[in-house]
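Novice: All I have is the shape, not the residue letters:
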Ligand code: AMP
Ligand code: GLY
């Protein structure tokens with residue numbers, strides 16, 4: 001079988017790596033991929049908004065399954081385009097992708113189906129939004145409605161900060177059309193966890209739990225990033241908590257999607273805030289988390305190709321999903337300046353040390369080749385991913401591995417996993 005993976009980050013490297021382990025998979029292509037992916041798959045230079053080009057590639061190369069990694073092409077309707085051409089594709093259609101593509105859609109959906117989430121109001125008028133922020137006071141959260149590459153959320157500790165956020169989104173148009181509406185919502189305090197499920201619209205399979213570290217600096221300080229590291233499992237999501245999440249969040253969500261006439265086939269990533277033992281939904285994503293996919297797929301102990309193909313074909317009930325015992329962790333190495341504007345083009349040393357390693361895998365994100373040398377080309381550069389008997393030993397393995405890797409201006413958090421070890 002031949003598979004095409006769309007995307008070129010750490011998540012897609014992990015997807016390609018796991019798909020390659022399937023005895024049924026003969027060849028994996030990736031569009032556009034990155035330096036690390038090119039070592040295990042054939043990278044093709046087709047942009048992920050060029051649906052026609054991708055569909056032509058799939059037809060001429062007899063691709064059996066296409067897996068869409070990032071949210072942008074899903075929101076633009078890539079799955080609808082593939083389905084129209086009768087191609088098997090993993091991911092939700094445009095209607096399903098609204099769960100991530102429009103925060104207003106997601107919040108109204110949650111309200112309609114009784115799914116616990118922060119109290120909110122949506123505005124398309126700046127003046128009314130500012131009035132509401134002043135009325136409610138801080139702390140308060142301001143969110144751009146549309147996709148903003150993870151940067152459209154301002155968790156404001158003061159009214160002034162919230163108003164600056166509103167101005168950035170609605171007056172300076174920092175996120176373009178994505179900011180034509182804003183959601184102003186109650187600030188929830190608690191601990192976050194990522195709860196992902198696979199669904200084909202009927203069957204639901206929870207994936208191993210995980211926890212991301214959004215802020216750039218140790219101790220959860222500094223601005224939010226795409227994620228600086230993640231571990232799995234997340235001890236805060238106990239078996240009892242999972243049962244509560246399934247009953248109060250996942251079941252009504254699946255019923256709601258059905259009622260809305262959305263036949264969702266793919267991953268739903270539910271970002272949770274657990275406040276005094278009760279889970280609330282902060283956000284939905286319609287794809288695997290990045291970096292959460294790296295530790296989660298490292299622990300997956302069954303055939304990813306079978307799993308994704310069955311999901312895409314509405315046969316998820318046929319698959320028995322298994323996980324490796326123990327734990328895994330992914331620590332992101334980022335470029336100097338990230339999450340602001342960052343340095344690019346620096347040579348990366350030490351990658352060869354992990355070519356044949358069983359318990360440490362170096363997933364590439366923002367990397368490319370320059371004269372045959374692997375260099376940095378993005379904000380998040382590598383995800384050092386290690387397995388262990390528990391989070392403490394996985395953490396020790398990952399940090400030991402990082403000692404061997406270097407590039408100019410390399411920054412990473414030193415406390416990924418500490419929260420889970422203390423618990
Ligand atoms: P989102 O893109 O909606 O997940 O938001 C990004 C991050 O902002 C989340 O991971 C949380 O850390 C934070 N956040 C979002 N909504 C809230 C909220 N209502 N209360 C507190 N923090 C929030
Ligand atoms: N790591 C958070 C995300 O993938 O959205």
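Specialist: That came through, no problem. Just so it is clear, the structure is predicted and the values come from calculations on it, not from any experiment. Ligands and ions are numbered 1, 2, ... in the order given.
Novice: okay, CA-based contacts and neighbour counts for the rest of this
Specialist: OK.
Novice: Give me the distance between the residue nearest the centre of the chain and residue 410.
Specialist: With distances taken as C-alpha atoms, centre = their mean, residue 289 lies nearest the centre of the chain, 1.9 Å away. Distance of residue 289 to residue 410, computed by C-alpha to C-alpha, to the nearest Å: 23 Å.
Novice: how about residue 280, what does it touch?
Specialist: 115-118, 272-274 (C-alpha atoms under 8 Å, 6 or more residues apart in numbering).
Novice: which residues of the stretch 151-300 of the chain fall in helices?
Specialist: Taking DSSP state H, counting those that start in this stretch, the helices of the stretch 151-300 of the chain run over residues 159-166, 239-245, 251-259, 293-299.
Novice: Kindly report the same for the stretch 301-423 of the chain.
Specialist: Going by DSSP H, counting those that start in this stretch, the stretch 301-423 of the chain shows helices at 304-312, 391-402, 418-422.
Novice: Residues contacting the first one, please?
Specialist: Read that as helix 304-312. Contacts for helix 304-312 (C-alpha under 8 Å, 6+ apart): 18-19, 22, 24-25, 65, 67, 88-91, 198-200, 265-266, 316, 318-319, 321.
Novice: Residue of the stretch 51-200 of the chain closest to ligand 2, please.
Specialist: residue 150 (6.8 Å; C-alpha to the nearest ligand atom).
Novice: which residue sits closest to that residue, ignoring its sequence neighbours?
Specialist: Distances taken as C-alpha to C-alpha, 6 or more residues apart in numbering put residue 226 closest to residue 150, at 6.1 Å, once the chain neighbours are dropped.
Novice: in terms of contact, does the one you found touch residue 289 like I think?
Specialist: No - Residue 226 is beyond contact range of residue 289, at 9.2 Å (criterion: C-alpha atoms under 8 Å).
Novice: Kindly report the residues of the stretch 151-300 of the chain close to ligand 2.
Specialist: 212, 226-227, 289-291 (C-alpha under 6 Å from any ligand atom).
Novice: For burial, what's the neighbour tally of the nearest residue to residue 179 once chain neighbours are set aside?
Specialist: Sequence neighbours aside, residue 144 is the residue nearest to residue 179 in space, at 4.7 Å (criterion: C-alpha to C-alpha, 6+ apart). Other residues within reach of residue 144, judged by other C-alpha atoms under 10 Å, total 31.
Novice: So in terms of bridging, what pairs with residue 144?
Specialist: residue 182 (DSSP bridges).
Novice: Enumerate residues external to the lowest-mean-pLDDT helix or strand in the chain that contact any of its residues.
Specialist: Least confident helix or strand, the chain: helix 418-422 with a mean of 87, by mean pLDDT, DSSP states H and E. For helix 418-422, contacts defined as C-alpha under 8 Å, 6+ apart pick out 234-236, 391-392.
Novice: got a winner among those for most neighbours?
Specialist: residue 391 leads the contacts of helix 418-422 on contacts (other C-alpha under 10 Å) with 26 neighbours.
Novice: how close does that one sit to ligand 2?
Specialist: 18 Å (C-alpha to the nearest ligand atom, to the nearest Å).
Novice: Surely residue 80 and residue 94 touch.
Specialist: Yes - the criterion here is C-alpha under 8 Å, and residue 80 meets it with residue 94 at 6.7 Å.
Novice: that older thread, right, and the pair among the contacts of helix 418-422 with maximum separation?
Specialist: 236 and 392 (15.5 Å; C-alpha to C-alpha).
Novice: Show me the strands in the stretch 101-250 of the chain, by range?
Specialist: 120-123, 140-144, 153-156, 182-186, 191-199, 204-206, 211-212, 215-217, 221-224, 229-232 (DSSP state E, counting those that start in this stretch).
Novice: Output the contacts of residue 280 as CSV; include the columns neighbour count and pLDDT.
Specialist: Output for those, formatted as CSV (neighbours: other C-alpha atoms under 10 Å; pLDDT from 0 to 100):
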residue, neighbour count, pLDDT
115, 23, 98
116, 18, 98
117, 20, 98
118, 19, 97
272, 25, 96
273, 22, 96
274, 20, 96
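Novice: Of those residues, which are in range of ligand 1?
Specialist: residue 118.
Novice: Between the contacts of residue 280, which sits nearest ligand 1?
Specialist: residue 118 (5.3 Å).
Novice: Go ahead and confirm the residue nearest to residue 179 touches residue 178.
Specialist: Yes - between residue 144 and residue 178 a contact is recorded at 6.1 Å, counting by C-alpha under 8 Å.
Novice: Quick check: residue 402 touching residue 384?
Specialist: Yes - if you go by C-alpha under 8 Å, residue 402 and residue 384 touch, sitting 7.1 Å apart.
Novice: quick one, which of those two is more surrounded?
Specialist: residue 384 (26 against 19).
Novice: in the sheet, who's paired with that one?
Specialist: Counting by DSSP bridges, the residues bridging with residue 384 are residue 331, residue 362.
Novice: Also residue 300?
Specialist: residue 323.
Novice: ok now do it, which residues does it touch?
Specialist: 321-324.
Novice: Could you say which of the strands of the stretch 101-250 of the chain is packed most deeply?
Specialist: strand 229-232 (a mean of 30; mean count of other C-alpha atoms under 10 Å).
Novice: what pairs with that one, and is each one parallel or antiparallel?
Specialist: strand 211-212 (antiparallel), strand 327-334 (antiparallel).
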